[in-house]
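> how does the following fold in three dimensions:
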Amino acid sequence: MLDQALAYAQAHRPEALEALKQFIRIPSISTLPEHKIDMQQAAGWLVEKMTAIGLEHATAYPTAGHPVVYADWLHAGPAAPTVLVYGHYDVQPVDPLEEWQTPPFEPTLQGDKLYARGASDDKGQLYVHLASVEAYLKTAGRLPVNLKFMIEGEEESGSVNLEQFVQEHGDLLQTDLVLISDTHILDPQTPVIITGVRGLAYMEISLRGSERDLHSGIYGGVVENPLNAMVRLLASLHDEQGRVNIPGFYDDVLPLTPAERAAINVGPVTDESLKAETGVPALWTGETGYTSAERRGARPTLDVHGIKGGFTGVGAKTVIPAVATAKVSMRLVPNQDPYKITQLFINHVERLAPPTMVAKAQTIHLGDGAVVTIDSPAIEAAAVAYEQVFGQRPLYLREGGSIPVVALFSKKFKVPVVLMGFGLPDDALHAPNERFHLPNFYRGIETAIRYYDLVAYQNGAQAAA
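Okay, here's the model as predicted:
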């Protein structure tokens, strides 16, 4: 069964790539209301594709936001393990459009890279698993494991309705392990298993002064400019040592143990590798007392993502804007409660806002961080599958990004969560010219095929013992 599936996957690479291109062409941007129909189209496309490859009960479940797509195949028998594959079909906005070298929703092949929004995050990595399932079902007519898919449409906008969906459909989603491919490996030869992800608190600040924009020649010097005040406020959110300057922000941050620091710093993430990866002339020293590898994945951060207000067009317009807004996020480490951090942030902004204007801070979305236990058979199966395909054992690293579902499933089902990704660090996620290294796409399909076989074998060996 394994050899047949592997042979099928290799012989049908062109078809898998064409299906991925079809999926990518749907501009499923969850954060923009004008793409609601596109989101429904992407969910419908998945339902049709899942049904076509042989999965059952493919359904787009409505939520208060965008649909959650579910499908399963549950005929491996009661002794076989159940694997739940999680992914997301929504993508980030494409701004700034002028920096794209190719149309963001017309997948373009250049060399061995496929350029398009969603190519790597997460449509390409998600389709790895659909292609691997198709290889089994089109050859053997069965899978070695019981398999469920849960694919959401709001990961890029905070997964705001996912927890309610999971709570309401707990029986439907019950599983022995969760498998997620939404992370990256080190390079095309070096696989990585992610052992921890950071939480997230995403906020928006607004400062309003006047009722309308004002002439700066008439009112400058007597009416405070909200943009000036916003810049001062944002600058105050870090101290001179690079620490987040919000009272209470670090209260629940657990110190890194010597063993954790050794594990983080023995990996390949160095100042030089990060400079090469990002193209910056020099790294920001950030929080004093921690290496770049520690700051990247194991320490909390705060970043400003955008400032809006006044006039930014060509030429000049001398106005004092009525309002200035800024978007800010904080990446949180395990044990930091995003709800608590949100309130600390709101209190701090209100305390710093000048009396000359009305300040408001509101939450856009939240997510918990999580640390994954690596001494489980499910993780070992991933390590072996990677090794069989890539020729070497994976590294174990923490990830600086946020995947809210990791903590959600860990708490809800108390099962292993396996973060087995196939992207690359330079895939330009969330940026113009996102791409997916196609050799990773094909290797990913083979790795997933082998993973399901290994998990089934593990379970059978344990049962026999």
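
> how far off centre is stretch 435-442?
Relative to the chain's own centre, stretch 435-442 is displaced by 18 Å; criterion: Cα atoms, centre = their mean, to the nearest Å.

> cool, stretch 377-391 as well?
22 Å.

> now that stretch - C-alpha only, PDB.
What follows is stretch 377-391, C-alpha atoms only, in PDB (Å, rounded to 0.1, in the frame of the first residue of the first chain):
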ATOM      1  CA  PRO A 377       5.400   8.500  19.400                       C
ATOM      2  CA  ALA A 378       3.500  10.900  17.100                       C
ATOM      3  CA  ILE A 379       6.500  13.200  17.100                       C
ATOM      4  CA  GLU A 380       9.000  10.400  16.500                       C
ATOM      5  CA  ALA A 381       6.900   9.200  13.500                       C
ATOM      6  CA  ALA A 382       7.300  12.700  12.100                       C
ATOM      7  CA  ALA A 383      11.000  12.600  12.600                       C
ATOM      8  CA  VAL A 384      11.400   9.200  10.900                       C
ATOM      9  CA  ALA A 385       9.200  10.300   8.000                       C
ATOM     10  CA  TYR A 386      11.300  13.400   7.500                       C
ATOM     11  CA  GLU A 387      14.500  11.300   7.700                       C
ATOM     12  CA  GLN A 388      13.200   8.800   5.100                       C
ATOM     13  CA  VAL A 389      12.500  11.600   2.600                       C
ATOM     14  CA  PHE A 390      15.100  14.300   3.400                       C
ATOM     15  CA  GLY A 391      17.900  12.000   4.400                       C
END
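
> what sits up against that stretch?
177, 189-191, 193, 372-373, 392-394, 416, 418, 420, 443, 446-448, 450-451, 454-455, 458, 462 (Cβ atoms under 8 Å, 6 or more residues apart in numbering). Heads up, the C-betas are built off the backbone N, CA and C, glycines and all.

> which residue packs closest to His35, ignoring adjacent ones?
Leaving aside its chain neighbours, His35 sits nearest to Ile29 (4.4 Å; criterion: Cβ to Cβ, 6 or more residues apart in numbering).

> contact partners for that neighbour?
Contacts of Ile29 by Cβ under 8 Å, 6+ apart are His35, Asp38, Met39, Asp90, Val91, Gln92, Pro93, Val94, Glu156.

> swap the cut-off to 10 Å and go again
Residues near Ile29 by Cβ atoms under 10 Å, 6 or more residues apart in numbering: 35-36, 38-39, 42, 90-94, 104-105, 117-118, 156-157.

> now swap in Val280 and tell me
Residues in contact with Val280 (Cβ under 10 Å, 6+ apart) are Leu274.

> tell me which residues of stretch 391-403 are tucked away?
Neighbour-count burial for stretch 391-403 flags Pro394, Leu395, Tyr396, Leu397, Arg398, Glu399, Gly400, Gly401, Ser402, Ile403 (criterion: 16 or more other Cβ atoms under 10 Å).

> likewise stretch 333-353?
333-334, 336, 338, 341-342, 344-346, 348-349, 352-353.

> pLDDT, distance to Ala229 and secondary structure for the residues you listed - can I get that in CSV?
As requested, those are exported to CSV (pLDDT from 0 to 100; distance: Cβ to Cβ, whole Å; DSSP: H, G, I helix; E, B strand; the rest coil):
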residue, pLDDT, distance to Ala229, secondary structure
Val333, 92, 31, coil
Pro334, 85, 35, coil
Gln336, 95, 28, coil
Pro338, 95, 26, helix
Ile341, 98, 23, helix
Thr342, 97, 22, helix
Leu344, 98, 21, helix
Phe345, 98, 17, helix
Ile346, 97, 17, helix
His348, 96, 15, helix
Val349, 96, 11, helix
Leu352, 93, 9, helix
Ala353, 94, 7, coil
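
> which residues of the protein score low on pLDDT?
Applying pLDDT under 70 to the chain flags residues 459-465.

> switch the cut-off to 80
263, 266-268, 459-465 (pLDDT under 80).

> nearest residue to the middle of it?
Among the residues of the chain, the one closest to the centroid is Ile403, at 5.1 Å (Cα atoms, centre = their mean).

> still on that earlier bit, would you convert the buried residues of stretch 333-353 into CSV that also reports distance to Tyr8?
Formatted as CSV, these follow (distance: Cβ to Cβ, whole Å):
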residue, distance to Tyr8
Val333, 43
Pro334, 41
Gln336, 46
Pro338, 44
Ile341, 48
Thr342, 48
Leu344, 54
Phe345, 51
Ile346, 54
His348, 57
Val349, 56
Leu352, 61
Ala353, 61
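
> Ile307 belongs to a strand, doesn't it?
Yes - assigned with DSSP: H, G, I helix; E, B strand; the rest coil, Ile307 falls within a strand.

> that one: neighbouring residues, count only.
Using other Cβ atoms under 10 Å, Ile307 has 17 neighbouring residues.

> which parts of the stretch 51-200 of the chain are strands?
Taking DSSP state E, counting those that start in this stretch to define them, one finds strands in the stretch 51-200 of the chain at 56-61, 68-73, 82-88, 108-110, 113-115, 146-152, 177-180, 192-197, 199-208.

> how about a markdown table for these, with distance to Thr285 added?
Formatted as a markdown table, the strands of the stretch 51-200 of the chain follow (distance: least, Cβ to Cβ, whole Å):
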| stretch | distance to Thr285 |
| --- | --- |
| strand 56-61 | 47 |
| strand 68-73 | 42 |
| strand 82-88 | 34 |
| strand 108-110 | 36 |
| strand 113-115 | 33 |
| strand 146-152 | 37 |
| strand 177-180 | 32 |
| strand 192-197 | 23 |
| strand 199-208 | 23 |
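
> can you redo these as CSV with mean neighbour count?
Output for the strands of the stretch 51-200 of the chain, formatted as CSV (neighbours: other Cβ atoms under 10 Å):
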stretch, mean neighbour count
strand 56-61, 16
strand 68-73, 23
strand 82-88, 25
strand 108-110, 14
strand 113-115, 21
strand 146-152, 25
strand 177-180, 24
strand 192-197, 24
strand 199-208, 22
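
> the closest residue to Ala353 other than its chain neighbours bridge partners, please.
Among residues not flanking Ala353 along the chain, Ala359 sits closest, at 3.3 Å (Cβ to Cβ, 6+ apart). Note on Ala359: beta-bridge partners by DSSP bridges are Leu207.

> start at 52, not 1
Sure, I'll start counting at 52 from here, so that last one is Ala410.

> Ala410 and Ala109, how far apart?
47 Å (Cβ to Cβ, to the nearest Å).

> now stretch 193-203 - C-alpha only, CSV.
The C-alpha trace of stretch 193-203 is given here as CSV (Å, rounded to 0.1, in the frame of the first residue of the first chain):
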residue,chain,number,x,y,z
ARG,A,193,-8.0,2.9,1.8
LEU,A,194,-5.9,4.7,4.3
PRO,A,195,-3.6,3.2,7.0
VAL,A,196,-5.2,5.5,9.6
ASN,A,197,-8.6,7.0,10.3
LEU,A,198,-8.3,10.6,9.1
LYS,A,199,-10.2,13.8,9.7
PHE,A,200,-9.7,17.2,8.1
MET,A,201,-10.6,20.5,9.8
ILE,A,202,-9.8,23.5,7.6
GLU,A,203,-10.7,27.0,8.8
